[in-house]
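Novice: Here is my input, please return the structure:
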Amino acid sequence: MPAVLTRLATTLVAACLLLASYVVGTPQRAAAAEPGYLMTHFIGEGATGQQIYFSHSADGLHWSDLNGGGTALRSTVGTRGVRDPSLVRSPSGDRYWIIATDLCIGCGQSWGDAQTDGSRNLVVWESTDLVTWSQPRLLDVAGAIPDGRNAWAPEAIWNPETNDYVLYWATNATLNGVLKHRIYYARTTDFRTITTPRLYIDRPGTQGIIDTQVLAVPSGTGGYRYVRASGDGQITLEGSNSILGTWTNLGNLSGIGLTGSQVEGPMWMKFRDRAEWALYLDQYATGRGYLPVLTTGPASPDGYRLPAAGSYQMGGTKKRHGSILNLTAAEESRVQARWPATAVNRLQSYNYQDRYVRHVDFDVRVDPNVSPAEDAQFRLRAGLAGSGTVSFESVNFPGWFLRHAGSDLGLAHDDGTAAFAESATFRRVAGLADAQWSSFQSYDDPAQYLRHYAFRLRLDPITTATGRADATFRVTG
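Specialist: Below you'll find the predicted structure:
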């Protein structure tokens, strides 16, 4: 072979070896090359912390708060607070539900009251696209349980054997003379009506159980079709080949130093790019939120391992008991467009500069020293009715917007109609009293502007210097 061909062949072989080593040594998916994950959770106590929050991760380990860390959905029913949300997708992917505990600790109810005389309802939201959600509704699940005193930590999983969902939750009730939390279940197809609740998990003696989540695993993974993790004094793992069949105790996570006195709220996640799972556990005893425990075999307690230092990041808010959904590309696009990390703004009055636009009992006015501060915080979203316009979405009542009914301004929930969109949309123009500030012209009645009168917000035609000052605002942080 001529020398030049020899050198060429040697070069080609080296290049192939280099390419082969690159392919073998490089992960098959970059961090954001495929759709990521959506976590539904609450963040703490109080009326604001006990609501629905969303977070996103590209790799399942590093999380960013959606909606600027603000509330995504707010309960206006029952106790007006929610904990332990579970996000459920239908098998066909055309419908979603969020089911949550109807509980608001520190909002007029203590832990003792919640255990012995709490809400027997769950709170349910429904959606067809993962971003436009129904108003919350109550679903009575524990009212038919003898001596049932509450309904906590709901979960649901599709059961292919019965073609419906197994909805399960914890209820504190007396059975065989023992009062404690047990897991009950019912079947449903729509989260509106359920079958008669039945006992699902009961630990021996006085040992209660509150948190449990069932994971469907691929056939041949550890010998079980389903694995569940439960908080029952330990983090107990069990396996079964039928959701409503017999479950086998597999062990617990005490071998890696995690017990039910330290962690709760088990939350499963399957990494989409490899045969590995994360079992997220809420470090409630130390107040540190979620910790991912990793495994390649969910049914093998000995195979779980703690994450390496610095290998995960949970974002700005504390993540509490929730659930994780592996997103499709379309779902991810919709979610990130609907709940971006948008800035939080206030509207400062031009002629009373210690006062800001705020809502109170769904009325809107300008006040000083607003408390809670979130009542005066809004997100300036792209106008609901037209391009180049804005709409004002409440931070602590997401989905609720400033809108006019006649000349009166109020805070109202978006009902999806064109009429609502038009009445909640404004054109931002140069301030009528000072061009460095802003004024807001009604979209559906351009002759009128947003202004305050006797400190209440309304729409008016502006014809005087006082009116121009009343209709001028600064958009500020």
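Novice: Please compute how far stretch 376-389 lies from its chain's middle.
Specialist: Between the centre of stretch 376-389 and the centre of its host chain there is 22 Å, according to C-alpha atoms, centre = their mean, to the nearest Å.
Novice: pLDDT on it, on average?
Specialist: On average, the pLDDT along stretch 376-389 is 89.
Novice: can you check stretch 214-228 too?
Specialist: For stretch 214-228, mean pLDDT is 91.
Novice: Which positions in it come out as buried?
Specialist: For stretch 214-228, a neighbour-count test (16 or more other C-beta atoms under 10 Å) marks 214, 215, 217, 221, 222, 224, 225, 226, 227, 228 as buried. For the C-beta atoms, the positions are set from N, CA and C on the backbone; glycine is no exception.
Novice: hang on, the fourth one packs against residue 297?
Specialist: Same thing as residue 221. Yes: using C-beta atoms under 8 Å, residue 221 is in contact with residue 297, at 7.0 Å.
Novice: Do you have the strands of the stretch 301-450 of the chain handy? List them.
Specialist: Using DSSP state E, counting those that start in this stretch, the strands found in the stretch 301-450 of the chain span residues 320-326, 346-349, 356-360, 363-367, 378-382, 390-394, 400-405, 408-413, 426-430, 438-442, 449-453.
Novice: Which among those is found nearest to residue 67?
Specialist: The minimum distance between residue 67 and the strands of the stretch 301-450 of the chain falls on strand 378-382, with 8.0 Å, by C-beta to C-beta.
Novice: Quick one: list the elements packing against that closest one.
Specialist: Counting contacts by 3 or more C-beta pairs under 8 Å, 6 or more residues apart in numbering; DSSP states H and E, strand 378-382 packs against strand 390-394.
Novice: got the angle between the strand it packs on and strand 400-405?
Specialist: Angle of strand 390-394 versus strand 400-405, following axes from the mean of the first three to the mean of the last three C-alpha atoms, to 10 degrees, is 120 degrees.
Novice: what's strand 390-394 packed up against?
Specialist: Looks like strand 390-394 contacts strand 378-382, strand 400-405, strand 426-430 (3+ C-beta pairs under 8 Å, 6+ apart).
Novice: which of those strands sits most buried?
Specialist: Of all the helices and strands packed on strand 390-394, strand 400-405 has the most neighbours on average by mean count of other C-beta atoms under 10 Å, namely a mean of 21.
Novice: can you list contacts of that strand?
Specialist: Contacts with strand 400-405, where a contact means C-beta atoms under 8 Å, 6 or more residues apart in numbering, come from 357, 359, 362, 364, 378, 384, 391-394, 409-414, 420, 423-424, 442, 450, 457-459.
Novice: Sort out which of the residues you listed are buried, if you could.
Specialist: Buried by 16+ other C-beta under 10 Å: 357, 359, 364, 378, 384, 391-394, 409-414, 420, 423-424, 442, 450, 457-459, out of these.
Novice: Quickly list what residue 73 is bridged to.
Specialist: residue 52 (DSSP bridges).
Novice: Would you mind measuring from it to residue 392?
Specialist: The span separating residue 73 from residue 392 equals 18 Å under the rule C-beta to C-beta, to the nearest Å.
Novice: This protein: helices as residue ranges?
Specialist: Secondary structure of the chain (DSSP state H): helices at 3-25, 46-49, 111-117, 329-338, 418-423, 465-470.
Novice: and residue 420, what does it touch?
Specialist: 384, 403, 412, 414.
Novice: From residue 331, how far off is the first one?
Specialist: This means residue 384. Counting by C-beta to C-beta, the gap from residue 384 to residue 331 is 22 Å.
Novice: The last one too?
Specialist: In this view, residue 414 and residue 331 are 20 Å apart by C-beta to C-beta.
Novice: swap in the second one?
Specialist: When distances are taken as C-beta to C-beta, residue 403 and residue 331 turn out to be 29 Å apart.
Novice: List the residues that contact residue 105.
Specialist: Going by C-beta under 8 Å, 6+ apart, residue 105 touches 45, 50, 81, 83, 111, 114.
Novice: what number of residues lie near the fourth one?
Specialist: Applying other C-beta atoms under 10 Å, we find 27 other residues in the vicinity of residue 83.
Novice: same deal with the second one?
Specialist: Other residues lying near residue 50 total 27 when counted by other C-beta under 10 Å.
Novice: Contacts only, for the closest residue in space to it that isn't next to it in sequence.
Specialist: Using C-beta to C-beta, 6 or more residues apart in numbering and skipping the chain neighbours, the partner closest in space to residue 50 is residue 81 (3.8 Å). Residues near residue 81 by C-beta under 8 Å, 6+ apart: 47, 50, 51, 75, 102, 103, 104, 105, 107.
Novice: Residue 395 now?
Specialist: 70, 71, 344, 374, 377, 378, 379.
Novice: correct me, but the fifth one touches residue 346?
Specialist: What that stands for is residue 377. Yes: in this structure residue 377 lies within contact range of residue 346 using C-beta under 8 Å: 6.1 Å.
Novice: Comparing the two, which residue is more hemmed in?
Specialist: Shown here are residue 377 and residue 346; by other C-beta under 10 Å, residue 377 has more neighbours (23 against 18).
Novice: ok, that one to residue 69 distance?
Specialist: In terms of C-beta to C-beta, residue 377 sits 12 Å off from residue 69.
Novice: what do you get for residue 284?
Specialist: 21 Å.
Novice: Likewise for residue 309?
Specialist: 25 Å.
Novice: So if I had to pick from these two, which one is more boxed in?
Specialist: Using other C-beta under 10 Å as the criterion, residue 309 and residue 69 rank with residue 69 on top: 16 against 6.
Novice: who's in contact with that one?
Specialist: Residue 69 makes contact with 53, 315, 316, 317, 341 under the criterion C-beta under 8 Å, 6+ apart.
Novice: residues near residue 375, how many?
Specialist: Residues within reach of residue 375, counting by other C-beta under 10 Å, total 20.
Novice: Please enumerate the strands of the stretch 51-200 of the chain.
Specialist: So, for the stretch 51-200 of the chain - with DSSP E, counting those that start in this stretch - the strands run 53-57, 63-65, 82-89, 96-102, 121-127, 137-140, 152-159, 164-175, 178-188, 198-201.
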